[in-house]
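Q: Generate a structure from the sequence data that follows.
(2 chains)
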Amino acid sequence: EDQVTQSPEALRLQEGESSSLNCSYTVSGLRGLFWYRQDPGKGPEFLFTLYSAGEEKEKERLKATLTKKESFLHITAPKPEDSATYLCAVQATGGFKTIFGAGTRLFVKA
Amino acid sequence: DSGVTQTPKHLITATGQRVTLRCSPRSGDLSVYWYQQSLDQGLQFLIQYYNGEERAKGNILERFSAQQFPDLHSELNLSSLELGDSALYFCASSAKDRRLTDTQYFGPGTRLTVL
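A: Predicted coordinates:
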């Protein structure tokens, strides 16, 4: 069965303290892995799509990487405005569903 | 702004009632998805439509139904509402990219409160 597990559930950082969020996945074949940012009461905001192991993408303080079993979202020198829930999702080959993880809630303190 | 619009933003109604949520996808997107997100819960996939046809079904209750119209907008109908149906309802749309992957873009959501 296709699964997505995100860890940790919550992460508290000081401003400037770099860290990583983990997304472990199990799919028969990967068509794409997605990262989203969600602020409270708002719709998820698309960040990245990764397609194959070894791929990396960057946007401002965020960098997403992908292996055959997991993806990391690295946050470099975070700021309080980076506080949000970060969602990981996968789309498998041979189907139409996108499976979302439960998310990691990130709190960055000034 | 993702380009996906949803109306209304807020909806307050009573148990037993029926409501309709509306979604307009991004220009050119043929796929529409509906999700439910209860307080502090993850996104629960409800249903997907592609160019007017149902493509995938998730944990959608029998009291809920959806459709996608020829102009590609979609409506989610919720009937015999219960207190537990109070949640944020999100619509997303997608188009296949050059790798045949559907990246979903989400609307701002409709917050439903059932009293």
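Q: For the residue nearest the centre of chain B, grab phi and psi.
A: In chain B, the residue lying closest to the centroid (CA atoms, centre = their mean) is B:Trp34, at 2.9 Å. Here is the backbone geometry of B:Trp34 (degrees, to the nearest 10): phi -120, psi 140.
Q: So what pairs up with it in the strands?
A: Under DSSP bridges, the beta-bridge partners of B:Trp34 are B:Ile47, B:Cys91.
Q: That one and B:Val4, how far apart?
A: 12 Å (CB to CB, to the nearest Å). All C-beta atoms are positioned from the backbone trio N, CA, C, and that covers glycine.
Q: Now for these two: what residues contact both?
A: Common contacts of B:Trp34 and B:Val4 (CB atoms under 8 Å, 6 or more residues apart in numbering or on different chains): B:Cys23, B:Cys91.
Q: Go ahead and confirm A:Leu13 touches A:Arg105.
A: No: if you go by CB atoms under 8 Å, A:Leu13 and A:Arg105 don't touch, sitting 11.5 Å apart.
Q: any idea whether B:Gly84 is helix, strand or coil?
A: helix (DSSP: H, G, I helix; E, B strand; the rest coil).
Q: Near it, how many other residues are there?
A: Neighbouring residues of B:Gly84 were enumerated by other CB atoms under 10 Å in any protein chain shown; the total is 10.
Q: if I pick it, what's in contact with it?
A: B:Ser38, B:Val114.
Q: where do the strands sit along the chain?
A: Chain wasn't specified; assuming chain A. Ranges of strands in chain A, per DSSP state E, are A:3-7, A:10-14, A:19-26, A:30-38, A:45-50, A:56-59, A:62-66, A:70-75, A:84-92, A:98-100, A:104-109.
Q: sorry, should have said chain B
A: B:5-7, B:10-13, B:19-24, B:31-37, B:44-50, B:53-57, B:64-68, B:74-78, B:87-94, B:105-106, B:110-114.
Q: What's the separation between B:Asp85 and chain A?
A: Computed as CB to the nearest CB, to the nearest Å, the B:Asp85 to chain A distance reads 17 Å.
Q: tally of neighbours for that residue?
A: Around B:Asp85 there are 21 residues (other CB under 10 Å).
Q: B:Leu78 is in contact with that one, correct?
A: Yes: proximity of B:Asp85 to B:Leu78 meets the contact threshold set by CB under 8 Å, at 6.2 Å.
Q: what is in contact with those two at once?
A: The contact sets of B:Asp85 and B:Leu78 overlap at B:Leu112 (CB under 8 Å, 6+ apart).
Q: Give me the nearest residue to B:Gln67, chain neighbours excluded.
A: In space, not counting the residues next to it along the chain, B:Gln67 is nearest to B:Glu75; the distance is 6.0 Å by CB to CB, 6 or more residues apart in numbering or on different chains.
Q: and what of A:Gly29?
A: Using CB to CB, 6+ apart and skipping the chain neighbours, the partner closest in space to A:Gly29 is A:Thr93 (3.7 Å).
Q: For that neighbour, give me its contacts.
A: Residues near A:Thr93 by CB under 8 Å, 6+ apart: A:Val27, A:Ser28, A:Gly29, A:Leu30, A:Arg31.
Q: Reformat those as TSV; add pLDDT.
A: What follows is those, written out as TSV (pLDDT from 0 to 100):
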residue	pLDDT
A:Val27	89
A:Ser28	86
A:Gly29	87
A:Leu30	90
A:Arg31	90
